[in-house]
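Undergrad: Sequence and predicted structure, then a few things I'm wondering about:
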Amino acid sequence: MSPLQPIPDLPPSALPAGWRARTPGPQDVPELHALRARHEVAARGAPTATADATLAEVAGDGAATREHLVVRDASGAARGWATVTDRAAGRVLVAVVVDPDLDDATGDALAAALFGWAQAAGVALAGARGLPRTQLDSGAFDTDARQQRWLAAAGYARVRTWWQMRRPVTREDRVVPAPRPGVVVRRLARAADGSPDERDLVASHDVLEEAFADHFNHHEETFDEFLARLRADPGHRWDHWWMAELVDGDAPVPVGVLIASESLDARGHPVGSYVEYLGVLRTARGRGVARSLLDAVTADAAERGRGYVGLEVDADSPTGAAGLYLSQGFTTSYVTQSWHRYVDVA
């Protein structure tokens, strides 16, 4: 963060009497995680984020690109939590969590204060990058009318719907169907010390950047930003990366990449696999590449004794991805929304 663009404070005058806002630290993680869990249960009936994920965001590897603010009431209890994430040039992720136990008037006022802080913090992040304007990217569960009301009041507009999908995995899924002729699916090559081959990492980044260039809200990410963000996820594992190549010519050509992570339960044990990325170059679409990559991650989950594979898909995607997932046995578990606002830095 540039010293010329400090993250703003939230003054006590913006809060109820006796309430205070400050930057949270590792000691706040258990209470913040409990606050988020209460919010998710109230919004969709079940918690989503794990304690490990909350720790990574606030005090772990994921903290480097995030700024946080926690609001405590006069008794010291955490009642609100806002996070801004420098996701990519021109895109700042905004998350606001408000205690569902608060009455409507207090909750509305606290949400307005936190969204106001997030806007100012997002402007500071964009200013540190030397940008004149940035997107603020937030969201809500499809069933959470309260969060949607707060987003609209803060100047955001609903722009997209996402299906959170899941496919059960059984022992029979351990058998990987053969790809179509000319297609090979493999894990990334590994160096002598066990780390992934840098050429494969670079190729993976290049394939995904090109594959998603025509997708909704894609913002280009540098190679270093891409790796740092994925490695900050507590569920990240190098052996959950797969590459698809066309072998029709003299040398294999990378055309598809799938990156998955471990889905952890409340005790931190892996119970499923989650597809973080699945991208196929436009020139290779129609050759069963995406299906073969899905077969690979499903078989891997079955070999590990996991119960499911999960992913997110754009409900309005023009690529036909939703149809592919439905044909592979995925069903929608719940629905989320993207809400955007654009702000000038000056």
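TA: Okay, I see it. Residues are numbered from 1 along each chain as shown.
Undergrad: thought Ala95 was touching Ala82?
TA: Yes - the pair Ala95 / Ala82 is scored as a contact, 6.9 Å apart, by CB atoms under 8 Å. Heads up, the C-betas are built off the backbone N, CA and C, glycines and all.
Undergrad: Contacts only, for the residue of the chain most remote from its centre.
TA: Distance from the C-alpha centroid of the chain peaks at Asp250, with 37.6 Å (CA atoms, centre = their mean). For Asp250, the contact set (CB atoms under 8 Å, 6 or more residues apart in numbering) is empty.
Undergrad: Would you mind measuring from it to Gly76?
TA: Applying CB to CB, to the nearest Å, the value for Asp250 to Gly76 is 68 Å.
Undergrad: Where does Ile48 fall, secondary structure wise?
TA: To be clear, residue 48 is Thr; Ile isn't right here. Thr48 belongs to no helix or strand when elements are defined using DSSP states H and E.
Undergrad: so how many other residues sit close to Arg171?
TA: 9 (other CB atoms under 10 Å).
Undergrad: That one reaches Ala302, doesn't it?
TA: Yes - under the criterion of CB under 8 Å, Arg171 makes contact with Ala302 at 6.2 Å.
Undergrad: wait, doesn't Phe226 sit right on His205?
TA: Yes - using CB under 8 Å, Phe226 is in contact with His205, at 5.2 Å.
Undergrad: if we can go back for a sec, could you look up the SS state of the residue farthest from the centre of the chain?
TA: Three-state call for Asp250 (DSSP: H, G, I helix; E, B strand; the rest coil): coil.
Undergrad: Leu69: what's its closest spatial neighbour, skipping adjacent residues?
TA: Leaving aside its sequence neighbours, Leu69 sits nearest to Ala82 (CB to CB, 6 or more residues apart in numbering; 4.8 Å).
Undergrad: I'd say that neighbour and His68 touch.
TA: Yes - using CB under 8 Å, Ala82 and His68 qualify as a contacting pair, with a distance of 7.1 Å.
Undergrad: Which of those two has more residues huddled nearby?
TA: Neighbour tally, Ala82 and His68, criterion other CB under 10 Å: the higher count belongs to Ala82, 25 against 22.
Undergrad: Can you name the residues that contact that one?
TA: His68, Leu69, Val94, Ala95, Val96, Val97, Leu114, Phe115, Trp117, Ala118, Ala121.
Undergrad: Out of those residues, list just those in strands.
TA: His68, Leu69, Val94, Ala95, Val96, Val97 (DSSP state E).
Undergrad: who wins for most neighbours among those?
TA: That'd be Val94 among the ones in strands among the contacts of Ala82, by other CB under 10 Å, with 27 neighbours.
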